[in-house]
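A.B. asks: have a look; sequence and predicted model below, questions after that.
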Amino acid sequence: METIYSENHKLRDAQTELYGGQLVYPFERPSRLDYIHERLTEVGLGPISAPDSFGMAPILAVHDFAYVAFLQSAWDRWQAAGFEGEAIANAWPARRMVQTCPTHIDGQLGYYALAAETSITQGTWQAALSSAHVALTGAERVRAGAQSCFALCRPPGHHAAKDLYGGYCFLNNSAIAAQHFRDNGMARVAILDVDFHHGNGTQDIFYDREDVLFVSLHGAPEYAFPYFLGYANETGTGAGEGFTLNLPMPPGTGFDIWRTALATALERVAEYAPDALIVSLGVDSFETDPISFFKLTSSDFTIMGADIAAAGLPTLFVMEGGYDIAEIGINTVNVLEGFQGH
Ligand SMILES: NCCCNCCCCCS
Ligand SMILES: [Zn+2]
């Protein structure tokens, strides 16, 4: 299986994350991809190729123009406003307040942020754009006939909505790839999100549409970020009714239960009969992930890959989360090796 990868991810080098009332070194850090890259090379999964550029059109096919303009200028405007630290949202349009975008950058951060843990820094925009181009390049490989491809994306994307960032995400790489498939001849695309966290952004982007099926396995929102989306009763709206399937699971869930949910998810995908499958591949369902609460083992990820392969669909894997850094390489590549059958 070919991997698409760019060193540009290192431009996203935030030094602070708000966690437990402290500013800590971010869980979503550049070294995550070093461990995956090292493991890919170690097992010889396949060629590792640089992304092509796709400009801004595929980004703007998913994300609002004003939101993209905000992302592009936020760091410079934050610095110009005289703030010392990294750009972190701290005021939101809460209940019964107006959803009007303020002029000041400090207000705009809160208008566009869904969570406070994710800072914006110098290079964040460039890294996010490059990450989307990694996903688009992988999509092009699948469109050209590859049975599978791995888009080693960083920063991740599945929490980002058309006009929302947070959960370490700025541009929704999987959604951008899905829209690219739709804009280039594919009638139906399925997105399977196996990251521990609900892909609220991906769900939101396609929620009223029947041409993209969204299925997610995740920590129950009563207990897990993003907390405010991902319930089983969210099934789509309008034309999209029935084209969102959420499979939330409680703290402590192990692979026996998780795999049953995967089977349910894949049944829905088979019934939908898409032209391609995009897997939002987060491996934070791992038993010792520091910010999650599922109990999958490294060998479970191999089985996960094999189960997904059984769907028999052209498959684009898009890297999302995974924060047990020492094990992220093994766990991620186990999925891909399991998918390939060895
Ligand atoms: N107390 C946990 C806060 C989690 N904050 C964001 C997690 C984003 C995961 C992306 S895959
Ligand atoms: Zn996650």
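C.D. replies: That came through, no problem. Ligands and ions are numbered 1, 2, ... in the order given.
A.B. asks: G238: neighbouring residues, count only.
C.D. replies: For G238, the neighbour count with other Cβ atoms under 10 Å is 9. For the C-beta atoms, the positions are set from N, CA and C on the backbone; glycine is no exception.
A.B. asks: now the residue in the chain that ligand 2 sits nearest to: how far from R29?
C.D. replies: Among the residues of the chain, G321 lies closest to ligand 2, at 3.0 Å counting by Cβ to the ion. The gap separating G321 from R29 is 12 Å, by Cβ to Cβ, to the nearest Å.
A.B. asks: what do you get for A276?
C.D. replies: Taking Cβ to Cβ, one finds A276 at 31 Å from R29.
A.B. asks: the stretch 201-342 of the chain: helices as residue ranges?
C.D. replies: 255-272, 298-309, 325-340 (DSSP state H, counting those that start in this stretch).
A.B. asks: which parts of this protein sit against ligand 2?
C.D. replies: Contacts of the chain with ligand 2, taken as Cβ under 5 Å from the ion, map to 195-197, 282, 284, 321.
A.B. asks: excluding chain neighbours, give the residue nearest to whichever residue of the chain sits closest to ligand 1 in space.
C.D. replies: Residue of the chain nearest ligand 1, by Cβ to the nearest ligand atom: G321 (2.6 Å). Excluding the flanking residues, the one nearest G321 by Cβ to Cβ, 6 or more residues apart in numbering is G282, at 3.7 Å.
A.B. asks: my guess is that neighbour meets T202, correct?
C.D. replies: No: if you go by Cβ atoms under 8 Å, G282 and T202 don't touch, sitting 11.7 Å apart.
A.B. asks: give the residues shared as contacts by those two.
C.D. replies: By Cβ atoms under 8 Å, 6 or more residues apart in numbering, G282 and T202 have these common neighbours: 158, 193.
A.B. asks: where's the closest residue to P26 other than its chain neighbours relative to N173, distance?
C.D. replies: Excluding its sequence neighbours, the residue lying closest to P26 (Cβ to Cβ, 6+ apart) is E17, at 4.0 Å. Counting by Cβ to Cβ, the gap from E17 to N173 is 20 Å.
A.B. asks: higher neighbour count, these two?
C.D. replies: Counted by other Cβ under 10 Å, E17 and N173 do not tie: N173 has more neighbours, with 34 against 21.
A.B. asks: show the pLDDT at the more buried one.
C.D. replies: We have a pLDDT of 99 for N173.
A.B. asks: quick one, what contacts A270?
C.D. replies: A311.
A.B. asks: more crowded one of G282 and T202?
C.D. replies: Per other Cβ under 10 Å, whichever of G282 and T202 has more neighbours is T202, with 32 against 27.
A.B. asks: okay, now D256: neighbour count?
C.D. replies: If you count neighbours by other Cβ under 10 Å, D256 ends up with 9.
A.B. asks: likewise for E287?
C.D. replies: When neighbours are counted by other Cβ under 10 Å, E287 registers 17.
A.B. asks: repeat for the one 3 residues further on
C.D. replies: P290 is surrounded by 11 other residues when neighbours are defined as other Cβ under 10 Å.
A.B. asks: quick one: residues contacting it.
C.D. replies: 27, 323-324.
A.B. asks: kindly report the same for R32.
C.D. replies: Per Cβ under 8 Å, 6+ apart, neighbours of R32: 154, 322-323, 325, 328.
A.B. asks: just the local confidence number for it, please.
C.D. replies: Reported pLDDT for R32: 99.
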